[in-house]
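Trainee: dropping a prediction and its sequence here:
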Protein chains: 2
Amino acid sequence: MDYYSNQISKLIEELSRLPGIGSKSASRLAFHLIHMKEEDVKRLANTMIEAKENVKYCKECYTLTDQELCPICRNAARDHKTIMVVEHTRDLAAYEKTDKYNGVYHVLHGAISPMLGIGPEDIKLKELIKRLEKDIDEVIIATNSSLEGETTAMYISKLIKPIGVKVSRIASGVPVGGDLEYIDEVTLLRALEGRTTL
Amino acid sequence: MDYYSNQISKLIEELSRLPGIGSKSASRLAFHLIHMKEEDVKRLANTMIEAKENVKYCKECYTLTDQELCPICRNAARDHKTIMVVEHTRDLAAYEKTDKYNGVYHVLHGAISPMLGIGPEDIKLKELIKRLEKDIDEVIIATNSSLEGETTAMYISKLIKPIGVKVSRIASGVPVGGDLEYIDEVTLLRALEGRTTL
C-alpha cells in the first residue's frame, strides 16, 4: 500500500486486526479517524488504554468491571441466592436489558470446547463451585444454545447436583416473533420437546 | 448501561460513534480490546493519535499523506501531465490497485451536493484549477457514478473546457463479470448509450 503514506497504512493494518473489521472497513475507519477532531481521537485512544488498564474481573462473579465488586454484586436489593451462569459479560448485559432478572450472575469467560482445546479448568468453573459454599437457592445455566454451551451446561449440572443445589437451564425454542418457516429443524425439535401444557 | 462498569460503558459509547459500528459491534469491539494484550492496545491507540497528528494533505494533489508531497506526486516516473480527479483518497487507492494508471491524481475530498449543502467552494476545486496553470495534457474525471459524482463531473468539465485542457470522464456501464439480470436499469441504459463499435 505505498500509495498511502506509512502512517495511514500502519493505522489500517492495526484496525484490520480487530474482530469483524475487514480491510475495506479498516480503511474507511482510518480515514474517518484522520478526519475527526484531534481531541476526539485522543479521547477515544485514551478511553481504550484506560479501559484496558483498569478493567478487571469482579472478585465475586467475574464479570468485567473497574471496581473490586461489580455494580450487580454490590447491589443489596438483588437476590444473591440465585446465580445465573453465562459465558460472557455481554450475555449478562443481554439479560440485564430485560430488566426482569433480579438475581446475580457468574461469568465463565468461555465454554467447554474439546474442538478448541478449552477444558473445564480454562473457564471460571471452580470459582463458581466455590461460590456454592454459601447458601445458594438456585443456579440457572444460561450458556449459549450452541454445542459448546450445551456441553458446558451438562458438565456444570453434573458437577453441581451432588452438592444439592437446584440447577436449571434456560429454555430453548422458537424465538418470540419467529416465523416457523425460517427456523432450523433442531430448534423446532427442541421447541417441541420443551412444550408446556396450556 | 449501569450493569457495565463506567469505563466499559464509556469505551462502548466512544466506539459506537465510529461509522458503520452499531451498539452491538461496539460492545464486541470493547470486550475484544479489554482482552487484548496491554501493549497491543497501546500500540493501536498511539497509531491512531500519530496518524491524526501527522497526516495532512499533499500540497500538490491533496491526498492524505504524512509528508509535504505524497509518494505519487514525488514519483518522477509518473506522468505529471495527466490528472485523475477523484472524490476521496480511498478512490485513488482503488485505481492504484489496478497498477495500470501512470498519471497523477487530484483529491476533491467530497462532491458537490446541493442536498447536503456542499458547494464547489467546499471541495478542493480551486486547487485543481490552479494546477492547470502548468502544462497539463488531460484531466480525467473519476468521481463516483452517483448523482453527486455526476453533478461534480459536469461542473468541473464546464469549468475546465474554456481553459482549453482536454477533459474526459471514466465510463459507466455493466461491471466486468456482472450479470445483466441483476444490474439496475439506469446502469443498463448507461451501458447502452456508452456502447463502442467493435
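Mentor: Great, that's in hand.

Trainee: for chain A, give me the ranges with low pLDDT.
Mentor: Applying pLDDT under 70 to chain A picks out residues A:1-3, A:196-198.

Trainee: look at the residue nearest to A:Ile49 when sequence neighbours are not counted and give its secondary structure.
Mentor: In this structure, A:Ile49 finds its nearest non-sequential neighbour in B:Ala45, 5.2 Å apart by CB to CB, 6 or more residues apart in numbering or on different chains. (C-beta placed from N, C-alpha, C; glycine too.) Secondary structure, DSSP: H, G, I helix; E, B strand; the rest coil: B:Ala45 is helix.

Trainee: mind listing what B:Ala45 touches?
Mentor: A:45-46, A:48-49 (CB atoms under 8 Å, 6 or more residues apart in numbering or on different chains).

Trainee: again, only this time at 10 Å
Mentor: Residues in contact with B:Ala45 (CB atoms under 10 Å, 6 or more residues apart in numbering or on different chains) are A:14, A:41-42, A:44-50, A:52, B:33.

Trainee: and what of A:Tyr57?
Mentor: Applying CB under 10 Å, 6+ apart to A:Tyr57 gives the contacts A:63-65, A:70, A:89, A:107, A:109, A:124, A:127.

Trainee: which strand is the longest one in chain A?
Mentor: Scanning chain A for the strand with the most residues, using DSSP state E, yields strand A:79-86.

Trainee: angle of the next helix or strand after that one against strand A:79-86?
Mentor: Downstream of strand A:79-86, the next assigned helix or strand under DSSP states H and E is helix A:89-98. Here the directions of helix A:89-98 and strand A:79-86 differ by 130 degrees (axes from the mean of the first three to the mean of the last three CA atoms, to 10 degrees).

Trainee: which neighbouring elements make contact with helix A:89-98?
Mentor: Packing partners of helix A:89-98 (3 or more CB pairs under 10 Å, 6 or more residues apart in numbering or on different chains; DSSP states H and E): strand A:64-65, helix A:71-74, strand A:79-86, strand A:103-107, helix B:6-15, helix B:23-35.

Trainee: tell me the contacts of the most centrally placed residue in chain A?
Mentor: What sits nearest the mean C-alpha location of chain A, by CA atoms, centre = their mean, is A:His88, with 1.8 Å. Going by CB under 10 Å, 6+ apart, A:His88 touches A:63-64, A:94, A:107-111, A:143-144, B:27-28, B:31.

Trainee: now distance to A:Pro19 too, for the residues you listed, in CSV please.
Mentor: Shown next, in CSV, are those (distance: CB to CB, whole Å):
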residue, distance to A:Pro19
A:Thr63, 20
A:Leu64, 16
A:Ala94, 18
A:Val107, 19
A:Leu108, 19
A:His109, 16
A:Gly110, 15
A:Ala111, 17
A:Thr143, 20
A:Asn144, 17
B:Ser27, 12
B:Arg28, 6
B:Phe31, 9
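
Trainee: which of those lies closest to B:Pro175?
Mentor: Using CB to CB, B:Arg28 is the member of the contacts of A:His88 that lies nearest B:Pro175, at 32.4 Å.

Trainee: what's around that closest one, how many residues?
Mentor: Using other CB atoms under 10 Å in any protein chain shown, B:Arg28 is surrounded by 19 other residues.

Trainee: one step back: most tightly packed of the helices and strands packed on helix A:89-98?
Mentor: Most buried of these, by mean neighbour count (mean count of other CB atoms under 10 Å in any protein chain shown): strand A:64-65, with a mean of 26.

Trainee: next, see if that one gets close to chain B.
Mentor: Yes - using CB under 10 Å from any CB of the partner chain, strand A:64-65 comes into contact with chain B via A:64-65.

Trainee: report whether the expected contact of A:Leu92 with B:Ser27 is present.
Mentor: No - the pair A:Leu92 / B:Ser27 is not scored as a contact, 11.2 Å apart, by CB atoms under 10 Å.

Trainee: now do the shared contacts for those two.
Mentor: B:Tyr4.

Trainee: quick one: stretch A:129-149 to chain centroid distance?
Mentor: Offset of stretch A:129-149 from its chain centre (CA atoms, centre = their mean, to the nearest Å): 14 Å.

Trainee: alpha carbons of that stretch, as CSV, please.
Mentor: The C-alpha trace of stretch A:129-149 is given here as CSV (Å, rounded to 0.1, in the frame of the first residue of the first chain):
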residue,chain,number,x,y,z
ILE,A,129,-18.2,-24.1,42.8
LYS,A,130,-16.5,-22.0,45.5
ARG,A,131,-19.5,-19.7,45.5
LEU,A,132,-21.8,-22.6,46.2
GLU,A,133,-20.3,-22.9,49.7
LYS,A,134,-22.5,-20.0,50.7
ASP,A,135,-26.3,-20.5,50.9
ILE,A,136,-27.5,-20.6,47.3
ASP,A,137,-31.1,-21.4,46.3
GLU,A,138,-30.7,-22.0,42.5
VAL,A,139,-28.1,-22.0,39.7
ILE,A,140,-29.6,-21.1,36.4
ILE,A,141,-27.4,-22.1,33.5
ALA,A,142,-27.7,-19.6,30.6
THR,A,143,-24.8,-20.7,28.4
ASN,A,144,-25.5,-20.3,24.7
SER,A,145,-27.6,-22.8,22.9
SER,A,146,-24.6,-24.0,20.9
LEU,A,147,-22.7,-27.3,21.1
GLU,A,148,-20.2,-25.8,23.4
GLY,A,149,-22.9,-24.0,25.5
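
Trainee: start to end distance for stretch A:44-64?
Mentor: The first residue of stretch A:44-64 is 19 Å away from its last residue (CA to CA, to the nearest Å).

Trainee: sorry, back to before: could you dump the helices and strands packed on helix A:89-98 into CSV with distance to B:Val139 added?
Mentor: As requested, the helices and strands packed on helix A:89-98 are exported to CSV (distance: least, CB to CB, whole Å):
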stretch, distance to B:Val139
strand A:64-65, 55
helix A:71-74, 61
strand A:79-86, 60
strand A:103-107, 60
helix B:6-15, 40
helix B:23-35, 40
